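> Here you go, sequence then predicted model.
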Amino acid sequence: MKRIAIFPGSFDPFTIGHESIVRRAIPMFDKIVIMIGYNANKKSFFPIEKRLKWIKQVFKDEEKIEVETYGGLTVDFCKETGARYILRGLRTSSDFEYERAIAQMNKKMHPEIETVFLLTLPEHTPVNATIIRDIIFHGGDASMFLPKGLNIEEFKVENHA
Ligand code: ADP
């Protein structure tokens, strides 16, 4: 049976912190599906098509990585893809408390699915998509927090609408 993991998130935008979690998890799984979750009632900063394109670009040479979008519950996406693992990254104790509740409730509802946590590398602890959006919105240079090989011009605020 293949070990398939889902890495769910809004990835608005996908950061070096997200990238690092995925790359470190590659040896642990046969396949990792990065699931860009969307909510029709919530407005994102970057359009979903761009987030999908950027993440695909980052992992274009990784056979084990797939990138998809999904508007429902992560556990339902797990069922659809045959995944038994949910991958999440942990930065701080507040991440932990938030993740703990979700993982424990998911476990209660779907005991066959395990949530697997990787602690962030120390240098990625402060990397936060909300702050990156703020930097970009105000015309700052956030490129050091974004995966290499992406066209940074595409992240400029006048291009994201
Ligand atoms: P969500 O909106 O579901 O929290 P995010 O896109 O913010 O989605 O994050 C997806 C996952 O990546 C979460 O598990 C989050 O804790 C983790 N993550 C976010 N930033 C980092 C980082 N800098 N280092 C490690 N993990 C991170």
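Structure's in. What do you need? Residues are numbered from 1 along each chain as shown.

> Residue 136: what secondary structure?
helix (DSSP: H, G, I helix; E, B strand; the rest coil).

> How confident was the prediction at it?
Note for residue 136: predicted pLDDT of 94.

> go on, residue 127?
At residue 127, pLDDT is 98.

> For this protein, which residues are neighbours of the ligand?
9-11, 15, 17-18, 21, 88-89, 91, 95, 120, 124, 127, 129 (Cβ under 6 Å from any ligand atom). Any C-beta I mention is one placed from the backbone N, CA and C, and that applies to glycine too.

> please redo it, this time with the cut-off set to 5 Å
9, 10, 11, 17, 21, 88, 89, 95, 120, 124, 127 (Cβ under 5 Å from any ligand atom).

> Residue 119 is in contact with the fourth one, correct?
No - proximity of residue 17 to residue 119 does not meet the contact threshold set by Cβ atoms under 8 Å, at 11.3 Å.

> So which residues make contact with the helix or strand where residue 53 lies?
Assessed by DSSP states H and E, residue 53 sits inside helix 48-58. When contacts are defined by Cβ atoms under 8 Å, 6 or more residues apart in numbering, helix 48-58 is touched by residues 11-14, 19, 34, 36, 38, 44, 67, 69, 147, 149-150, 154, 160.
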